[in-house]
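Enquirer: sequence plus predicted model, see below.
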Amino acid sequence: MIQKKVCMLGAFAVGKTSLVSRFVRSLFSDKYHTTVGVKVDKKQVAVGGEQVDLLLWDLYGEDEFQKMRTSYLRGSAGYALVVDGTRRETLDHAVVLQNRVEEVVGKVPFILMVNKADLAEKWELDEAALQDLIRRGWPAFKTSAKTGAGVEEAFLTLAQKMMDPSV
Amino acid sequence: MDDAVKPGDGDRVRAAADEPPPDDPLSELRGLLLAADEAEVVRLQQRLEDPRSRAEDISRVLPEAIAIRSQEDRQLTDALMPTVEEAIVRSARKDPGVLVDALFPVMGPAIRKSISNTLAEMLESLNRTLGQSFSAQGLKWRLEAWRTGKSFSEVVLLRTLVFRVEQVFLIHRKTGLLLQHASAGAAGVQDSGMISGMLTAIRDFVHDSFGGRETDGLDAFQVGEFTVWVEQGPQAVLAGVIRGNPPRELRGVFTEAIEKIHRDQTRAFEMFEGDAAPFESSREDLEACLKAQQQSGVAGAPRGRRRYVPLFAVLGVLLVLLGLWTFFSVRRNSRWENYLAKLAAQPGIVVSSAGRRSGKFFVTGLRDPLAVDPATMLAPAKLRREDVVASWKPYQGLDPELVAARARSVLEAPDSVTLRVQDGALLATGAASHRWIAEARARSRTIPGVARFEDRGLADTDVKDLEAARAKLEGTLILFARGSAELTPGETAKLADVAAELARLPALATAAGTAIRAEIVGRGDSEGTVETNLTLSRRRAERVLAALRAQGLETENLVVVGIGSTQPLRQERTEEDKQLNRSVSARVVAAR
């Protein structure tokens, strides 16, 4: 059985915790977010017939009051950047975050999860900026914590990339 | 360095080799003679000038050269020292991890040994301290140590440090991923992968929050009844979840385990990419941490020398207690014997058996209901009522005191009567009514132990009352004037008293058990004729009787007698004597 440490990052209230609580296995209460600043959950995926346990370090959403602890990033085999499709600025934030994470953990596989895909009428994401990122090689997935759309696919892609970086 | 070929010579040789052979026959000869050597010289020269080949040459002889020189003197060491020191400093500055990795297997055991020595000393002092303290718990442990042959300190550890290592996690330090996990029993194992991650996160959090060097970290923390001990290695940490109060020795077990794992898994750590499979072989090391708890629970070789001082102290205390107990027991027994002796001396009490039974005194026997209550004699004998069980059967005793007491009770003797028994006779003294005396005479014979009733010392109060009444009546004279049978006013006043006394007489006589008759007797003085005086005296008596009747007295039973001067109260010598003889008074006589 393979285990991989994966960090989940994103601006405040982009829906990371909703993704985690609906589609992964949780053991610890959400209060760790506000106390320790991180909560570890587990997501199991199968890659090439082999089970991979993704240990998801769900980092507390960064805002002006609380800075991300970079020590939590150490040892990550990959990471997921989560943005809120209904809030334009969260994508900019994700780009900044990606730079900082890469400084700490180096070039490791990552995915971009554009969350709240179910709220199409409130969509205000800059599509051009997103396409630009995809062109730069960012694997982006439109996900919905509400309907579950895209979530499994996103995690599976990340797992595959971590198991075989050539994918 | 070999200086056999000098630079000057080299130049010459090269000059000879480079120049075209001259026509000089000497040169030609030289060329013929030295052609082979010349090539060799050129080769040597090239080798000396090429730094790489020189380095190769030196590298071949360097280890041997160092060995030879080191045997000769310390110059080489001294020369190298600054360089080596500088190298270590630079290495540590550049990446302390390398040095830590290198030193870890060496430093670990050394530090552990030093700590275990300190602990041993600490235990010894603990032993001394506890040896002096004399709590009940301490005594109990002493006894256990003595019984089981363990050292006292071991027993204290056993009893005070009860613990169980419930789970052990081997966690990859950098990623927080779980490498291996062992638990005591299947119960309570949550998803160990997530726990492992969270534990790492919390350690990072504490480290970030409170600072410290890279090697510092959270070593232990408490969660309710659980203690979590974290033993840190360069690549992995060992976290043990312990229920209860772990002893310091357990740290040593953890340290040993993490050290062994680092030694065994060096390659697996280098290659680690998330696959924990290679660490399956370290499972035994983790399980050793679980077992350590059980071993410390039962292990412990008996030690030869035991300390008996506290034991002697215990024996001393026991002896003192025994002495006290003996003293009190003897005193109690002596009090009991005294009590029994006093009981036996009591009239109306017969002790048939006495002794001790199940911690209490017991006494059985016979007791006259009139005898003293044995229970009331306990307090003066300083015995507690609850310590004595008594069983008495009733009987009638013939002791004189008891017979007298029974007689008093049976005869209902008034307080004015004193009764005592002497030689079978019941002696009554004092005063009692005529009726009681009569009844006592009759009933006393029915009392056991009374042969006869002796009442000579006993006054009959009813007879006395009757005598008193008679004396008063017969002493009251109603005087008359010479030759007259008329009552004078002064004398009439006496009549009421006389009437009252006369009225009481029948009752008094009945009480005294006698029959009487009252007479009103008239008298006269010696003057005049006998005849005249008889008549006059009779008239005087009748006159008084009439007056008494007038007072309301029943006079039917009264007899009037005139005795004239035949029985004068006094020999008449004076006029006063005569006056007394001219009188009427009542006379009480026994009835026929």
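Expert: Thanks, I have it.

Enquirer: and the helices in the stretch 51-200 of chain B?
Expert: B:51-72, B:75-94, B:96-132, B:136-148, B:152-160, B:192-210 (DSSP state H, counting those that start in this stretch).

Enquirer: from B:L580, how far out is the closest residue in space to B:G562 that isn't next to it in sequence?
Expert: Nearest residue to B:G562, sequence neighbours excluded (CB to CB, 6 or more residues apart in numbering or on different chains): B:R538, at 2.7 Å. Just so you know, the C-beta spots here come from the backbone N, C-alpha and C atoms, and that holds for glycine as well. Distance of B:R538 to B:L580, given as CB to CB, to the nearest Å: 18 Å.

Enquirer: returning to that earlier point: weakest of the helices of the stretch 51-200 of chain B by average pLDDT?
Expert: Lowest mean pLDDT within the helices of the stretch 51-200 of chain B: helix B:152-160, at a mean of 67.

Enquirer: list the contacts for B:A512?
Expert: B:A512 sits next to B:H434, B:D460, B:D462, B:V463, B:D465, B:L466 when contact means CB atoms under 8 Å, 6 or more residues apart in numbering or on different chains.

Enquirer: helices - which of these land there?
Expert: Under the assignment DSSP state H, those contribute B:H434, B:D462, B:V463, B:D465, B:L466 to helices.

Enquirer: any idea which helix or strand carries the spatially closest residue to the fourth one that is not a sequence neighbour?
Expert: The spatial neighbour of B:D465 that comes closest, neighbours along the chain excluded (CB to CB, 6+ apart), is B:L508 at 5.5 Å. Assigning secondary structure by DSSP states H and E places B:L508 in helix B:495-511.

Enquirer: which other residues reach that helix?
Expert: B:433-435, B:462, B:465-466, B:469, B:472-473, B:476, B:478, B:487, B:515-516, B:518, B:544, B:547-548, B:551-554, B:557-558, B:586, B:588.

Enquirer: ok, how many other residues are close to the residue nearest to B:D465?
Expert: 21 (other CB atoms under 10 Å in any protein chain shown).

Enquirer: with B:W436 instead?
Expert: There are 22 residues near B:W436, going by other CB under 10 Å.

Enquirer: taking the contacts of helix B:495-511 one by one, which sit in helices?
Expert: B:H434, B:R435, B:D462, B:D465, B:L466, B:A469, B:K472, B:L473, B:V544, B:A547, B:L548.

Enquirer: how many neighbouring residues does the residue lying closest to B:C289 once chain neighbours are set aside have?
Expert: Computed as CB to CB, 6+ apart, the closest residue to B:C289 that is not its neighbour in sequence is B:V168, at 4.7 Å. Residues near B:V168, counting by other CB under 10 Å, number 26.

Enquirer: return the distance of B:V168 relative to B:V330.
Expert: 65 Å.

Enquirer: please apply the same query to A:A128.
Expert: A:A128 is 113 Å from B:V330, where distance means CB to CB.

Enquirer: equivalent analysis for B:G524, please.
Expert: For B:G524 relative to B:V330 (CB to CB), the value is 96 Å.

Enquirer: those two: which has the busier surroundings?
Expert: Legend: neighbour count by other CB under 10 Å for B:G524 and B:V330, higher for B:G524 (30 against 10).

Enquirer: dump the residue contacts of the more buried one.
Expert: B:T532, B:N533, B:L534, B:L536, B:S537, B:R540, B:G564, B:S565, B:N581, B:R582.

Enquirer: residue contacts, the first one?
Expert: Contact analysis of B:T532 by CB under 8 Å, 6+ apart lists B:G524.

Enquirer: on the pLDDT front, check it for me.
Expert: On pLDDT, B:T532 comes in at 88.

Enquirer: for it, what is the enclosing helix or strand?
Expert: Counting by DSSP H and E, B:T532 is found in helix B:530-550.

Enquirer: only alpha carbons, please: show that helix as CSV.
Expert: What follows is helix B:530-550, C-alpha atoms only, in CSV (Å, rounded to 0.1, in the frame of the first residue of the first chain):
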residue,chain,number,x,y,z
VAL,B,530,-71.0,7.6,155.1
GLU,B,531,-74.6,7.4,154.0
THR,B,532,-74.9,11.0,153.1
ASN,B,533,-71.6,10.9,151.3
LEU,B,534,-72.6,7.8,149.2
THR,B,535,-75.8,9.5,148.2
LEU,B,536,-74.1,12.7,147.4
SER,B,537,-71.3,11.0,145.5
ARG,B,538,-73.8,9.1,143.4
ARG,B,539,-75.8,12.3,142.7
ARG,B,540,-72.6,14.0,141.7
ALA,B,541,-71.8,11.2,139.2
GLU,B,542,-75.2,11.2,137.7
ARG,B,543,-75.0,15.0,137.4
VAL,B,544,-71.8,14.6,135.3
LEU,B,545,-73.3,11.8,133.2
ALA,B,546,-76.3,14.1,132.5
ALA,B,547,-73.9,16.8,131.5
LEU,B,548,-71.9,14.4,129.2
ARG,B,549,-75.1,13.3,127.6
ALA,B,550,-75.9,16.9,127.1
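
Enquirer: list the buried residues of that helix.
Expert: Within helix B:530-550, the residues that count as buried by 16 or more other CB atoms under 10 Å in any protein chain shown are B:533-545, B:547-548.

Enquirer: likewise stretch B:222-240?
Expert: B:227-240.

Enquirer: give the rounded mean pLDDT of it.
Expert: 84.

Enquirer: centre of the chain to that stretch, how far?
Expert: Using CA atoms, centre = their mean, to the nearest Å, the distance from the centre of stretch B:222-240 to the centre of the chain it belongs to is 45 Å.

Enquirer: same check, this time on stretch B:516-527
Expert: In terms of CA atoms, centre = their mean, the centre of stretch B:516-527 is found 98 Å from the chain centre.

Enquirer: quote the end-to-end distance of it.
Expert: The first and last residues of stretch B:516-527 sit 33 Å apart, counting by CA to CA, to the nearest Å.

Enquirer: out of the helices of the stretch 51-200 of chain B, flag the one nearest A:T157.
Expert: The closest of these to A:T157 is helix B:192-210. By CB to CB, the value is 21.5 Å.

Enquirer: on the C-terminal side of that closest one, identify the next helix or strand.
Expert: strand B:220-223.

Enquirer: and that next one, anywhere near chain A?
Expert: No - using CB under 8 Å from any CB of the partner chain, strand B:220-223 never reaches chain A; the gap is at least 12.8 Å.

Enquirer: show me what that strand is packed against.
Expert: Judged by 3 or more CB pairs under 8 Å, 6 or more residues apart in numbering or on different chains; DSSP states H and E, the packing partners of strand B:220-223 are strand B:226-232.
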